[in-house]
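> no letters, just coordinates:
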């Protein structure tokens, strides 16, 4: 059975608004290669379970950019109660498949 476990880390490197720098494609490419190499060199010692790294690169001008945070109604599954962590132990996690209830 294939694993559906993925560790995703996102980094956004922002250029300050109003900075009048002409950042050329070659410089962006070099930055991507350097950052990708750094992650590749750290991954085996810090996350040895990974069998691959997927790198997504995007350079964009955010003319329109918005984020909405939608708060879901409280349920027993998304609410922490005093004295209960709400997180199954490792043994229980190993027995459960994707979408299976605790």
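Received it, and whenever you're ready, just let me know what you need. Being a predicted model, the structure only gives us computed values, none of them experimental.
> what's the neighbour count on residue 44?
Using other C-beta atoms under 10 Å, the number of residues around residue 44 comes to 9. C-betas here are computed from N, CA, C, even on glycine.
> so what's it closest to, chain neighbours aside?
Nearest non-adjacent residue to residue 44, counting by C-beta to C-beta, 6 or more residues apart in numbering: residue 50, 8.0 Å away.
> was I right about the one you found contacting residue 7?
Yes: with contact defined as C-beta atoms under 8 Å, residue 50 counts as touching residue 7 (7.5 Å).
> how much space separates residue 5 from residue 47?
According to C-beta to C-beta, to the nearest Å, residue 5 stands 11 Å off from residue 47.
> those two: which has the busier surroundings?
The neighbour count for residue 5 versus residue 47, taken as other C-beta under 10 Å, is higher for residue 47 (12 against 9).
> backbone dihedrals for that one, both of them.
phi -140, psi 70 (degrees, to the nearest 10).
> for this protein, what's the longest helix?
The longest helix of the chain (DSSP state H) is helix 25-46.
> ok, how many other residues are close to residue 43?
With other C-beta under 10 Å as criterion, residue 43 counts 15.
> quick check: it touching residue 50?
Yes: distance between residue 43 and residue 50: 5.7 Å, which falls inside the contact criterion (C-beta under 8 Å).
> how about low-confidence regions in the chain?
1-3, 83-102 (pLDDT under 70).
> what are the boundaries of the helices in it?
25-46, 90-95.
> and of those helices, who's closest to residue 66?
helix 25-46 (24.5 Å; C-beta to C-beta).
> mind giving me the packing neighbours of that closest one?
The contact analysis (3 or more C-beta pairs under 8 Å, 6 or more residues apart in numbering; DSSP states H and E) places helix 25-46 against no helix or strand.
> how far does that helix sit from the chain's center?
16 Å (C-alpha atoms, centre = their mean, to the nearest Å).
> ok, stretch 14-27 next?
25 Å.
> one more: stretch 76-84?
So, by C-alpha atoms, centre = their mean, the centroid of stretch 76-84 is 25 Å from its chain's centroid.
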